[in-house]
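**Student:** turn this into a structure:
(one chain, ligands or ions: 1)
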Amino acid sequence: MIFRVDYSPLAAFYHLQYQHYTDDLEFYTRLARDYGGPVLELGAGTGRVARALARQGVEVWALEPAQQMRKLGARHTQGLGVKWLAGDMRQLKLKRQFPLIIAPFNALMHLYTLDEQDATLEGVQAHLEAGGRFAFDVYNPAHIGLQGVLQHEGSYGQTEVFLHQEHHPTAQALLTHYLVDTLTPTGNLKRQRHTLTQRYYTRYELERWLRAFAFEYRLFGGFHKEPLTPESAVFVFEAWHRR
Ligand SMILES: C[S@@+](CC[C@H](N)C(=O)[O-])C[C@H]1O[C@@H](n2cnc3c(N)ncnc32)[C@H](O)[C@@H]1O
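**Tutor:** The predicted structure is shown next:
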């Protein structure tokens, strides 16, 4: 039921849909100002955050396994000196350390097992400079919506995006089925289907995970460092290693 997602077939659609998402940019750029570069981004997608950081003069190493995502990312960050790397956050071996490692916008929701989570955090621990920060955000599962209800996600020029979700509580998995309808120049409607599988986390599961690897952390309920409340849509973590 749980299957690993290759973002390559989703790349153009992902970029179209999320390139203008900005809620988290100030949070991550401020961390980069405070802790400096190079910044290692895990699951850098098509460079949304990498671009914002690089435009502030920060050196970014953008780790991304999906070739088409990297291709669009390289285009989106052209001329900004972002270093794009093919790689997997579960097997970090970069032979250097970073003052800041980030995993924005649910990238960690693609770690589907405890072993994958642990391997990733072990890698982060090994690649983080003393005094450095590991920051990430994931959805708060308290806000998982209704299952099977078709929602209109947005309009992008000649493209309309609809989605419906499937929730598998025992696997802590959320499957989002996208229907991407594009009106072609000849007036035909072309439909593409994509499914995104995300493994969600509970709050204390994340806290226990960080503690198990001797990380201390602050947990926020939003990108302005507001406290976590029942309304918070995201868990935002800033963590550092107790050495
Ligand atoms: C939701 S996107 C986030 C992209 C980007 N961080 C942003 O904020 O727009 C998640 C990204 O994580 C990548 N990803 C999935 N599994 C990964 C893994 N094991 N290691 C590194 N990246 C991974 C996906 O290919 C995808 O580009």
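**Student:** pull the contacting residues for the spatially most distant residue from the centre of the chain.
**Tutor:** Most distant residue from the mean C-alpha position of the chain: Thr186, 36.2 Å away (C-alpha atoms, centre = their mean). By C-beta atoms under 8 Å, 6 or more residues apart in numbering, the contact set of Thr186 is empty. C-beta here means a position set from N, CA and C on the backbone, and glycine is covered the same way.
**Student:** which parts of the protein sit against the ligand?
**Tutor:** 7, 18, 42-45, 48-49, 63-66, 69, 88-90, 104-107, 110 (C-beta under 6 Å from any ligand atom).
**Student:** any quick PyMOL command for the buried ones out of the residues you listed?
**Tutor:** A single PyMOL command selects the buried members of the residues of the chain next to the ligand (16 or more other C-beta atoms under 10 Å):
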select buried, resi 7+42+43+44+45+48+49+63+64+65+66+69+88+89+90+104+105+106+107+110
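**Student:** circling back to that earlier point, tell me the phi and psi of the residue farthest from the centre of the chain?
**Tutor:** Backbone geometry at Thr186, expressed as degrees, to the nearest 10, gives phi -90, psi 10.
**Student:** give me the pLDDT value at it.
**Tutor:** Residue-level confidence at Thr186 comes out at 94, pLDDT.
**Student:** show me which helix runs longest in this structure.
**Tutor:** Across the chain, the helix with the greatest residue count (assigned by DSSP state H) is helix 114-127.
**Student:** re earlier: just the residues of the chain next to the ligand: which are in helices?
**Tutor:** Filtering these for helices - DSSP H - leaves Tyr18, Arg48, Val49, Met69.
**Student:** identify the residue nearest the geometric centre of this structure.
**Tutor:** Short answer for the chain (C-alpha atoms, centre = their mean): Ala107, at 2.8 Å.
**Student:** which residues sit in contact with it?
**Tutor:** Residues in contact with Ala107 (C-beta under 8 Å, 6+ apart) are Leu42, Gly43, Gly45, Met89, Phe136.
**Student:** so how far is Ala62 from the third one?
**Tutor:** So the one you mean is Gly45. Using C-beta to C-beta, to the nearest Å, Gly45 is found at 9 Å from Ala62.
**Student:** give the contact list for the residue lying closest to Thr77 once chain neighbours are set aside.
**Tutor:** Spatially, and ignoring its direct neighbours in sequence, Thr77 is nearest to Gly47 (4.4 Å; C-beta to C-beta, 6 or more residues apart in numbering). Shown in contact with Gly47 (C-beta under 8 Å, 6+ apart): Ala62, Leu72, Gly73, Ala74, His76, Thr77, Val82.
**Student:** try it again with 10 Å
**Tutor:** 15, 19, 41, 53-54, 60, 62, 64, 69-70, 72-78, 80, 82, 84 (C-beta atoms under 10 Å, 6 or more residues apart in numbering).
**Student:** pLDDT wise, what is Met1 at?
**Tutor:** 51.
**Student:** do I have it right that Val5 meets Thr197?
**Tutor:** Yes: contact criterion C-beta atoms under 10 Å: Val5 and Thr197 qualify, at 5.5 Å.
**Student:** which residues are in contact with each of these two?
**Tutor:** What both Val5 and Thr197 touch, as defined by C-beta under 10 Å, 6+ apart, is the set Met109, His110, Tyr112, Leu175.
**Student:** the second one contacts Tyr201, doesn't it?
**Tutor:** In other words, His110. No: in this structure His110 lies outside contact range of Tyr201 using C-beta under 10 Å: 11.8 Å.
**Student:** quick one: low-confidence residue ranges for the protein.
**Tutor:** Scanning the chain with the threshold set as pLDDT under 70 gives 1-4.
**Student:** not including adjacent chain positions, what is the nearest residue to Leu92?
**Tutor:** Leu92 sits nearest to Gly123 (C-beta to C-beta, 6+ apart), 3.1 Å away.
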